[in-house]
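Chemist: whatever this is, show me its structure:
(one chain, ligands or ions: 3)
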Amino acid sequence: MTELLTASQMRALEQAAIASGEVTGLELMERAGQGVVEAIFEEWPAFAPAAGVDWGPAPKPPGYLKQEEKGPWRAVVLCGPGNNGGDGFVVARLLAGFGWAVDVFFYGDVERLPADARVNYERWSEVGSVHLWNDDAIEGRLDGFVSGDRSSFEHQLVVDALFGVGLTRNMPVDTERARHGFVPTVTHTPQSERPKYVAIDLPSGLCSDSGVNRGAFPTDLTVTFHRPKLGHYLFGDNHFGGGPSLCNQVSVIDIGLESSRADQPVLLMDSKNLAAKLSKNSCEHKFNHGSALVLSGGSGRTGAARLAARGALRIGAGLVTLGVPPAAQLEVAGHVTALMVKRVADADGLAEVLQDKRLNALCLGPGLGLERARALVPVALAAGRASVLDADALSTFADDPRTLFDMAHKRCVLTPHGGEFARLFPDLAEKLNAPAEKGPAYSKVDATREAAARAGCVVLFKGPDTVIADPSGRCSVHAAAYDRAAPWLATAGAGDVLAGFITGLLARGFAPMQAAETATWLHVECARSFGPGLIAEDLSEQLPHVFRELEV
Ligand SMILES: NC(=O)C1=CN([C@@H]2O[C@H](COP(=O)(O)OP(=O)(O)OC[C@H]3O[C@@H](n4cnc5c(N)ncnc54)[C@H](OP(=O)(O)O)[C@@H]3O)[C@@H](O)[C@H]2O)[C@@H](O)CC1
Ligand SMILES: Nc1ncnc2c1ncn2[C@@H]1O[C@H](COP(=O)(O)OP(=O)(O)O)[C@@H](O)[C@H]1O
Ligand SMILES: [K+]
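Modeler: Residues are numbered from 1 along each chain as shown. Ligands and ions are numbered 1, 2, ... in the order given. Have a look, this model is predicted:
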């Protein structure tokens with residue numbers, strides 16, 4: 001799995017590499033700039049020099065190029081007051097070396113530029129001019145754009161090097177006019193007729209640690225260094241469309257820190273090794289694959305538990321039983337075939353059913369009803385079996401979450417969506433929703449890690465970005481974004497199926513963290529495999545196809 005870093009982890013890796021004498025900050029900045037230019041040429045081959053990319057000898061300023069060597073392209077580079085701006089000056093110089101006409105606008109104070117950025121400011125200044133932000137040149141250029149006369153853009157590329165991982169507060173308002181002017185993605189201009197917008201490291205205004213949008217515009221391409229940052233994958237505050245909705249696509253450039261590993265990084269899920277974990281041994285029988293019990297609510301509300309139970313069965317649990325109150329037995333029996341049905345009237349009834357030691361995984365929550373959940377959860381948790389608690393099994397403890405956390409044990413997985421999370425962890429939800437003030441914003445990763453530590457078990461916090469953490473701080477993220485986008489998954493009952501998938505994997509003997517991660521991955525793959533028109537019932541039916549694709 002790929003590491004997702006915070007700003008401070010990235011900074012620590014960079015500083016360790018510099019301190020070890022392996023590399024200088026200036027070399028890192030040069031590689032960063034080269035990586036950005038290469039990524040631009042790769043994304044839009046029309047921009048690439050006909051003779052290919054050749055970094056040496058030092059690129060010539062455009063004035064020295066023969067007419068036939070000059071490219072037809074013009075770029076605007078917006079540079080900020082820190083090292084992100086430094087990367088921008090490198091990109092400007094390299095593009096100029098390939099014959100581009102480049103306009104550099106600088107938001108900051110030259111005297112306060114960090115040393116490496118200052119060197120690259122000077123190097124660029126030997127090649128071209130720097131327009132200060134309040135320069136007439138920027139105003140003159142902007143008048144046409146802002147008044148709506150965008151019939152022909154003078155430039156084909158805008159490079160955003162205003163702020164990267166050093167963003168500490170909301171975007172300054174005085175950058176807005178220029179960004180609106182030069183970055184017309186917010187207009188109705190067809191994509192083919194407008195300049196391409198490329199962000200260095202992060203779209204300026206995107207919080208690297210949380211994905212919160214603090215004033216960024218959506219880009220066409222974001223080029224980052226060494227490892228992706230959390231903010232590229234977390235959606236942050238959805239009201240303003242953070243993280244993946246701003247980056248559009250993320251290109252990760254190797255700048256020579258390859259061997260560096262961060263301390264306790266968050267991992268981005270992928271499908272590596274899944275097939276081996278999911279395959280079944282041909283000489284085993286059904287009891288080797290575990291026996292799951294999904295508890296259902298009363299008559300008229302058994303659908304959610306049936307969805308979960310079918311998910312548990314399809315994902316490979318050997319046996320799946322629905323625990324049903326007497327009044328709903330007939331209704332459930334009429335709907336299921338491969339699933340078994342057992343009467344579970346109340347807490348005593350559950351205790352009796354749990355005498356069967358083969359039942360090794362439990363699922364409580366989907367459609368259970370708040371009252372029934374309050375009665376059954378303590379019995380289920382006291383039995384010490386691997387358990388998934390979802391929906392009503394979480395909400396029923398809204399008035400007293402501590403009671404739930406005291407009962408929860410290491411083999412539990414709690415699967416709240418945003419509303420359920422806020423009921424169990426109101427203080428964490430409040431921090432998560434509060435506007436960020438100084439420094440990186442509190443993130444969904446921070447909140448999930450704190451929640452798992454408090455609950456003493458695995459917490460899977462749902463959403464288009466799903467964050468999973470255990471009490472030790474281990475944490476992984478799965479974003480249904482970029483090449484794994486699954487917007488049709490936002491449908492009623494999808495969460496019930498996920499709870500069933502996790503339960504089925506727990507029955508098969510997966511550890512809680514691994515069950516939660518694997519189920520989340522498969523859940524999104526099922527949605528992608530079905531595509532538009534998906535409803536919750538379709539998810540489990542896609543599993544055989546997804547397994548085949550994974551070569552399980
Ligand atoms: N780490 C690495 O390995 C490598 C890093 N590299 C590059 O360096 C970038 C990080 O550089 P960085 O640390 O200098 O931070 P950066 O994003 O330029 O901003 C800091 C400046 O902005 C200011 N400022 C912040 N927010 C503001 C706001 N809202 N409004 C106004 N001002 C605000 C802030 O001021 P302050 O908060 O201190 O008052 C400070 O002056 C990184 O993203 C990557 O591109 C590469 O070269 C390769 C290797
Ligand atoms: N925009 C989205 N893209 C991908 N997955 C999503 C999106 N929105 C929600 N999901 C996923 O859909 C599921 C919804 O679960 P939940 O909110 O519990 O719904 P329900 O209670 O109706 O089953 C979760 O697994 C969540 O991660
Ligand atoms: K940027």
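
Chemist: can you tell me what sits against the helix or strand where residue 406 lies?
Modeler: In this assignment (DSSP states H and E), residue 406 forms part of helix 401-407. For helix 401-407, the surrounding residues in contact (C-beta atoms under 8 Å, 6 or more residues apart in numbering) are 377-378, 381-382, 389, 394, 397, 423-425, 454-456. Yep, even glycine has a C-beta here, placed from its N, CA and C like the rest.

Chemist: the same query, at a cut-off of 7 Å, please.
Modeler: Helix 401-407 is contacted by residues 378, 381, 397, 424, 454, 455, 456 when judged by C-beta atoms under 7 Å, 6 or more residues apart in numbering.

Chemist: which of those residues lies closest to residue 10?
Modeler: residue 454 (28.0 Å; C-beta to C-beta).

Chemist: the residue nearest to the closest one when sequence neighbours are not counted: how many residues sit nearby?
Modeler: In this structure, residue 454 finds its nearest non-sequential neighbour in residue 405, 6.0 Å apart by C-beta to C-beta, 6 or more residues apart in numbering. Using other C-beta atoms under 10 Å, residue 405 has 17 other residues around it.

Chemist: equivalent analysis for the one 4 residues further on, please.
Modeler: Here the count is done by other C-beta under 10 Å, and residue 409 has 14 residues near it.

Chemist: residue 101 versus that one, what's the distance?
Modeler: To residue 101, residue 409 is 65 Å away according to C-beta to C-beta, to the nearest Å.

Chemist: got it, and residue 79?
Modeler: Residue 79 is 17 Å from residue 101, by C-beta to C-beta.

Chemist: try residue 177
Modeler: 22 Å.

Chemist: now do residue 208
Modeler: 31 Å.

Chemist: of these two, who's got more company?
Modeler: Each of residue 208 and residue 101 has its neighbours counted (other C-beta under 10 Å); residue 208 has more, 29 against 17.

Chemist: tell me where the stretch 1-150 of the chain has strands.
Modeler: Secondary structure of the stretch 1-150 of the chain, counting by DSSP state E, counting those that start in this stretch: strands at 2-4, 74-79, 101-106, 130-132.

Chemist: in CSV: those strands, plus mean pLDDT and distance to residue 293.
Modeler: Shown next, in CSV, are these (pLDDT from 0 to 100; distance: least, C-beta to C-beta, whole Å):
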stretch, mean pLDDT, distance to residue 293
strand 2-4, 94, 36
strand 74-79, 94, 59
strand 101-106, 92, 64
strand 130-132, 89, 69
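
Chemist: can you tell which of these is closest to ligand 1?
Modeler: strand 74-79 (9.3 Å; C-beta to the nearest ligand atom).

Chemist: CA-only coordinates of the closest one, as PDB, when you get a sec.
Modeler: In PDB, the C-alpha atoms belonging to strand 74-79 read as follows (Å, rounded to 0.1, in the frame of the first residue of the first chain):
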ATOM      1  CA  ARG A  74       2.900  30.700 -23.500                       C
ATOM      2  CA  ALA A  75       2.700  30.000 -19.800                       C
ATOM      3  CA  VAL A  76       1.700  32.000 -16.700                       C
ATOM      4  CA  VAL A  77       3.500  30.900 -13.500                       C
ATOM      5  CA  LEU A  78       2.000  32.100 -10.200                       C
ATOM      6  CA  CYS A  79       4.700  32.000  -7.500                       C
END
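
Chemist: who does it pair with, and is each partner parallel or antiparallel?
Modeler: strand 101-106 (parallel), strand 157-161 (parallel) (DSSP bridges).

Chemist: tell me the mean pLDDT over stretch 48-58?
Modeler: The predicted model gives stretch 48-58 an average pLDDT of 75.

Chemist: buried residues in it?
Modeler: Buried residues in stretch 48-58, counting neighbours by 16 or more other C-beta atoms under 10 Å, are found at residue 48.

Chemist: any idea which residue sits dead centre in this protein?
Modeler: residue 233 (2.5 Å; C-alpha atoms, centre = their mean).

Chemist: now it. Nearest residue, chain neighbours left out?
Modeler: In space, residue 233 is closest to residue 479, 4.2 Å off (C-beta to C-beta, 6+ apart).

Chemist: quick check: that neighbour vs ligand 1, distance?
Modeler: Using C-beta to the nearest ligand atom, to the nearest Å, we find residue 479 at a distance of 20 Å from ligand 1.
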